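> generate a structure from the sequence data that follows.
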Amino acid sequence: MPIPTTELVIFDTTQAVRNDRSILSPAFKIVSNFNGIQMPAYVGTQIENPGKGYVFMNWDSLAHHQAMLASPSYATLLEALKPAYGGWSKMYHVIFNAQPVALKQPVTEVLLLTIKNPSHRTEVFDILTKISDSTKKMLVFGPTLEDKNVIIVVGGWQSVEAHWQMVANPEPKAALERLYTLASKDHLFHSTLTPFTGK
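The predicted structure follows:
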């Protein structure tokens with residue numbers, strides 16, 4: 001199965017969606033009818049700060065998502081999303097180095113990096129590839145389609161504690177210390193994602 005184009009939206013959550021994610025079911029029912037969407041979609045609030053939320057959706061291509069954004073029913077979708085969105089949101093698109101199975105795990109790490117100097121891109125990718133391989137692709141990464149110097153990393157973990165324990169080991173610790181000298185850590189948080197099939 002080809003690797004999808006993954007849409008990530010980080011947004012300010014409302015009290016309503018923090019209390020009950022199922023209020024988004026009508027929105028994902030609409031999404032599920034669009035051409036090129038690979039359901040389920042995944043939604044979660046940030047463990048560290050539930051005022052922030054995440055939506056992950058996998059598409060056959062960026063063009064399929066753009067077609068949805070341009071479609072007449074997009075206005076209906078925005079209306080259905082309103083109860084969950086608290087105002088601010090930011091959208092990214094990324095093609096990961098492998099299937100993003102991290103979205104299905106008990107805890108999903110969401111890390112955004114910006115490469116400080118483009119000449120270090122190869123080394124940054126090498127470090128992330130080694131980490132990805134060492135987790136058997138439970139951690140995946142890719143540059144955003146909007147800005148190739150911004151990298152999205154998602155990792156699947158059994159718990160937040162399991163993530164911190166793993167990165168405290170000497171080898172990943174050294175790799176991450178080097179990584180963070182080459183790229184700024186703009187966002188590193190965790191979420192427990194709920195799948196929405198649109199049914």
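
> near the residue nearest to residue 73 when sequence neighbours are not counted, how many other residues are there?
Using C-beta to C-beta, 6 or more residues apart in numbering and skipping residues adjacent in sequence, the residue nearest residue 73 is residue 30, 6.5 Å away. (Glycine included, C-beta is placed from N, CA and C.) Residue neighbour count, defined by other C-beta atoms under 10 Å, stands at 18 for residue 30.

> and if you look at the one 10 residues further on?
Under the neighbour criterion other C-beta under 10 Å, residue 40 is assigned a count of 21.

> which SSE is the closest residue to it other than its chain neighbours in?
Closest residue to residue 40 apart from its sequence neighbours, by C-beta to C-beta, 6+ apart: residue 195 at 3.7 Å. Using DSSP states H and E, residue 195 falls within strand 194-196.

> give me the element the residue nearest to residue 73 is part of.
Per DSSP H and E: helix 25-31 holds residue 30.

> circling back to that earlier point, parallel or antiparallel, which strands does the strand holding residue 195 pair with?
strand 37-45 (antiparallel) (DSSP bridges).

> how about residues contacting the next helix or strand after the partner strand?
For strand 37-45, the following helix or strand on the C-terminal side (DSSP H and E) is strand 52-59. Outside strand 52-59, the residues that touch it by C-beta atoms under 8 Å, 6 or more residues apart in numbering are 4-13, 17, 31, 36-38, 41-46, 65, 84, 100, 103, 108, 110, 154, 189, 191, 193.

> now the buried members of those residues.
4-11, 13, 17, 31, 36-37, 41-46, 65, 84, 100, 103, 108, 110, 154, 189, 191, 193 (16 or more other C-beta atoms under 10 Å).

> the strands in the chain, which residues?
5-13, 37-45, 52-59, 85-94, 107-115, 139-143, 150-157, 183-191, 194-196 (DSSP state E).
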